[in-house]
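*Asks:* Kindly generate the corresponding structure for this input.
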Amino acid sequence: MKVEATITAPETIEELARHARELDEMGYDSILVPEAGHDPFLPQMILAEHTRRARIGTGVAISFPRSPFVTAQMAWDLQRFSGGRFVLGLGTQVKGHNVRRYSTAWPSPPGPRLREYVQCLKAIFHNFNTGEEPNFRGEHYQYTLSTPFFNPGPIAGVETVPIYLAAVNTYNCRLAGELADGIRMHPLNTPSYLKEVIRPAVAKGAEAAGRDIADIDFAVNPFFVTGSTEQEFAASRELIRKHISYYAATRTYSAVMEHHGWAELGAELVRLSQANRWDDMPALISDEMLETLAIVAMIDDLPAKLAQRYGGIATSVNIVFGPPYPELQERQRRMFASMGPVMAGLKQVI
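*Replies:* Got it, this is the predicted structure:
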């Protein structure tokens, strides 16, 4: 199993570079930047310059606010500057954020538009690599014009940019199986939902496209309740309880709640969020739910717990110790460093 790390943009370029080098040297297979308060593409140039081995990528970038060509240009340049180590992670986000935060029109339904987005990206990458005349014509996107002046040209030893799709519900899971190199799963997820809902949907998409499901990377992104001391562990428990309550209050992720028989609780969390009663929500997340939705273990015990939960059903695990709040960054760094000695254990037992 590949082990990935998600980092957020630190205060300075020097700090970002130092953190990237540390993670690369520790042995993390990929270093990802989310679109959470910062642009996910801009830090990639620093990661490309200051890492030598790890893959780098967006985990994930929001697709619809950017045209396919805008995304393709950035991804192709990053693939060139990283020596073929860049991975493009894409997600749709939910309607409210697209319309009210990004000022972007929301397609209904969004799935078919995402399908065209990925198809258009692939057509652009093919044009960049081969110079062949583009001829992609879709309902939402087209790519039919390219001149030598605007074509960045091929990259030695590279044909394309791997694409990972964030997916929770079955349509996008099937789409990942059909078109993507990997699927990035939402933190609000469980081994049961992965085995019984996500993997079968990905398999259907792969079968429809004549692909082997073994060629698709299943990247889980679990919540971690962990620490190196009892005090740190207790603080992590309450932090993740709060974080889960926020995600569970999003209707788009209700399928996971329904899968575990928590539909009524999910509806109550939605009601509380709409009333801006955010402080009342964490108390609804029981210890049983926490154990189901998160990896709960002291940091030295994480390898065995991860093997128990995701061995055989996931091929990558993204290590995230909490939301990207600025006040948590020092804690996150210490946790990443603590993971260093157990990295070999993680890769060996899973």
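*Asks:* make it CA atoms for all contacts and neighbour counts henceforth
*Replies:* OK.
*Asks:* And for the residue most central in space within the chain, nearest residue in space, chain neighbours not counted?
*Replies:* Centroid-nearest residue in the chain, with C-alpha atoms, centre = their mean: residue 59, separated by 3.9 Å. Nearest non-adjacent residue to residue 59, counting by C-alpha to C-alpha, 6 or more residues apart in numbering: residue 34, 4.6 Å away.
*Asks:* who's in contact with that neighbour?
*Replies:* Going by C-alpha atoms under 8 Å, 6 or more residues apart in numbering, residue 34 touches 6, 7, 8, 40, 58, 59, 60, 61.
*Asks:* Report the residue spans of this structure with pLDDT below the cut-off.
*Replies:* 9, 321-336, 338-350 (pLDDT under 70).
*Asks:* Got the domain ranges for it?
*Replies:* As given by automatic domain parsing, the domain ranges for the chain are 2-224+299-349, 227-296.
*Asks:* Dump stretch 111-123 to PDB, restricted to CA.
*Replies:* Taking C-alpha atoms only, stretch 111-123 is exported to PDB below (Å, rounded to 0.1, in the frame of the first residue of the first chain):
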ATOM      1  CA  GLY A 111     -22.000  13.600 -13.100                       C
ATOM      2  CA  PRO A 112     -22.400  13.800 -16.900                       C
ATOM      3  CA  ARG A 113     -20.600  17.100 -17.000                       C
ATOM      4  CA  LEU A 114     -17.700  15.700 -14.900                       C
ATOM      5  CA  ARG A 115     -17.500  12.800 -17.400                       C
ATOM      6  CA  GLU A 116     -17.100  15.300 -20.300                       C
ATOM      7  CA  TYR A 117     -14.600  17.300 -18.300                       C
ATOM      8  CA  VAL A 118     -12.300  14.300 -17.900                       C
ATOM      9  CA  GLN A 119     -12.800  13.200 -21.500                       C
ATOM     10  CA  CYS A 120     -11.900  16.800 -22.600                       C
ATOM     11  CA  LEU A 121      -8.800  16.800 -20.400                       C
ATOM     12  CA  LYS A 122      -7.700  13.500 -22.000                       C
ATOM     13  CA  ALA A 123      -8.200  15.000 -25.400                       C
END
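*Asks:* Now tell me what touches it from outside.
*Replies:* 63, 68-69, 72, 92, 107, 134-136, 138-143, 160, 171-172, 175, 179.
*Asks:* cool, stretch 247-258 as well?
*Replies:* Identification of contacts with stretch 247-258 by C-alpha under 8 Å, 6+ apart yields 94, 168-169, 188-190, 193, 263, 266-271, 273.
*Asks:* which ones are touching residue 188?
*Replies:* Residue 188 makes contact with 222, 223, 244, 247, 248, 253, 256, 293, according to C-alpha under 8 Å, 6+ apart.
*Asks:* Swap in 10 Å and give it another go.
*Replies:* Applying C-alpha atoms under 10 Å, 6 or more residues apart in numbering to residue 188 gives the contacts 168, 221-223, 243-245, 247-248, 253-254, 256-257, 293-294.
*Asks:* Show me which of the contacts of stretch 111-123 are buried.
*Replies:* Among the contacts of stretch 111-123, those scoring as buried are 63, 68-69, 72, 92, 134, 136, 141-143, 160, 171-172, 175, 179 (criterion: 16 or more other C-alpha atoms under 10 Å).
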